[in-house]
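Asker: I would like to see how this sequence folds:
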Amino acid sequence: MTDFAARRAALAARLRAREFTVVPGIFDMISAKIADRAGFPALYMTGYGTVASLLGLPDAGLATYTEMVERAGRFAHGIAAPLIADADTGYGGLLNIRHTVRGYEAAGVAAIQLEDQEFPKKCGHTPGKRVVPLKEAVRRIEVAVDSRSSADLLIVARTDARAPLGLDEALRRAEAFDRAGADVIFVEAPESEAEIEAVLRVTSKPVLLNLVEGGTTPVLAPERLRALGVTVALHPTAGFLAAAEAMRRGYAALRERGTTLHSPVPLHDFRAFSEMMGFPEVWAFDARWAE
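Answerer: Sure, this is the predicted structure:
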């Protein structure tokens, strides 16, 4: 699966046409394969979920560029859908941002998300966030736009200014990112429907809304999001929260009962899981080359 240019073009055309798009988060190869088979038009490499699954640590700037771009490449090569990938703050200064954009593009992503937090960053729906000055934030986006080799590699510009500096500053940055050439505008953690509407008024670009279950932003129905004019409804946490609860219940039941016989927790069919992981190709190879 290396048709990365076609995937980028498809996602770019879809978002530029303002086609409403629901995008789930993926955090490991199991979630990537399951979400890809569900038929979503794009998938999102969640920074929070990737750091949690890879390192078992909080999303607080602890993962390196090398770790994240390697994971992005694995996802991009293992799925058929276009991949939107979280690149945090770009992993350093402006030169690092150029390196990050080029690395993510070479890895096969269709869109790269960059934010205006200071390093080390924090999860967008947790306290303690700090953002860089506006001028520096804009330069990050300008460098990102200039560093890509294809205009179809979408630059998703995220501001986290709402929490530390207020809505007006977040809107100011959204406007500035639009002028800097960002393809998609992402204001993190608006706190009401009225604030979402305010974001949509200040930019002509597609708007991505981050819908974290239990987070700061209200999770609105898709019909309402369409009516408001949101283009991307991002659900980065839906997969790993569902998986975590299923595993918590499954392990608790096994610990209590000592068996999975008649388990109260539904289990994925083992044969179907093996098929999803690619065992039929292994068996076909063995059958062809066996002596």
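Asker: what stretches of the stretch 51-200 of the chain score poorly on pLDDT?
Answerer: Residue ranges of the stretch 51-200 of the chain with pLDDT under 70: 122, 124.
Asker: which residue ranges form the helices in it?
Answerer: Along the stretch 51-200 of the chain, the stretches classed as helices by DSSP state H, counting those that start in this stretch are 65-78, 94-107, 134-147, 162-165, 167-179, 193-201.
Asker: Ala42 is in contact with Val23, correct?
Answerer: Yes: under the criterion of Cβ atoms under 8 Å, Val23 makes contact with Ala42 at 4.9 Å. Yep, even glycine has a C-beta here, placed from its N, CA and C like the rest.
Asker: Pull up the overlap in contacts between the two.
Answerer: Taking Cβ atoms under 8 Å, 6 or more residues apart in numbering as the contact rule, Val23 and Ala42 both touch Ile84.
Asker: Thr126: which of the helices of the stretch 51-200 of the chain is closest?
Answerer: Among these, the nearest to Thr126 by Cβ to Cβ is helix 162-165 (9.2 Å).
Asker: How about the closest one, which residues are buried there?
Answerer: Judged by neighbour count using 16 or more other Cβ atoms under 10 Å, the buried positions of helix 162-165 are Arg162, Ala163, Leu165.
Asker: and these as TSV, adding distance to Ile155?
Answerer: Below are those laid out as TSV (distance: Cβ to Cβ, whole Å):
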residue	distance to Ile155
Arg162	20
Ala163	23
Leu165	22
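Asker: May I see the helices of the stretch 51-200 of the chain arranged in TSV, with distance to Ala87 as well?
Answerer: Below are these laid out as TSV (distance: least, Cβ to Cβ, whole Å):
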stretch	distance to Ala87
helix 65-78	7
helix 94-107	5
helix 134-147	9
helix 162-165	20
helix 167-179	15
helix 193-201	21
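Asker: between those helices, which gets nearest to Gly215?
Answerer: helix 162-165 (11.4 Å).
Asker: list the helices and strands that closest one packs on?
Answerer: Packing partners of helix 162-165 (3 or more Cβ pairs under 8 Å, 6 or more residues apart in numbering; DSSP states H and E): none among the helices and strands.
Asker: Can you dump the C-alpha atoms of that helix in CSV for me?
Answerer: Extracted in CSV, the C-alpha atoms of helix 162-165 (Å, rounded to 0.1, in the frame of the first residue of the first chain):
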residue,chain,number,x,y,z
ARG,A,162,-7.9,29.2,24.2
ALA,A,163,-7.0,27.9,27.6
PRO,A,164,-4.0,30.0,28.6
LEU,A,165,-4.8,33.2,26.8
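Asker: Need the distance between the two termini of stretch 257-266.
Answerer: 15 Å (Cα to Cα, to the nearest Å).
Asker: Dump stretch 93-112 to CSV, keeping only the CA atoms.
Answerer: What follows is stretch 93-112, C-alpha atoms only, in CSV (Å, rounded to 0.1, in the frame of the first residue of the first chain):
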residue,chain,number,x,y,z
GLY,A,93,13.0,24.9,16.3
LEU,A,94,12.2,26.0,12.7
LEU,A,95,14.9,23.8,11.2
ASN,A,96,13.4,20.8,13.1
ILE,A,97,10.0,21.6,11.8
ARG,A,98,11.3,21.5,8.2
HIS,A,99,12.9,18.1,9.0
THR,A,100,9.7,16.9,10.6
VAL,A,101,7.5,17.9,7.7
ARG,A,102,9.8,16.2,5.2
GLY,A,103,10.1,13.1,7.3
TYR,A,104,6.4,12.7,7.8
GLU,A,105,5.8,13.3,4.1
ALA,A,106,8.4,10.6,3.2
ALA,A,107,6.7,8.3,5.7
GLY,A,108,3.5,8.5,3.7
VAL,A,109,1.2,10.7,5.7
ALA,A,110,-1.5,12.7,3.9
ALA,A,111,-1.7,15.6,6.5
ILE,A,112,0.5,16.7,9.3
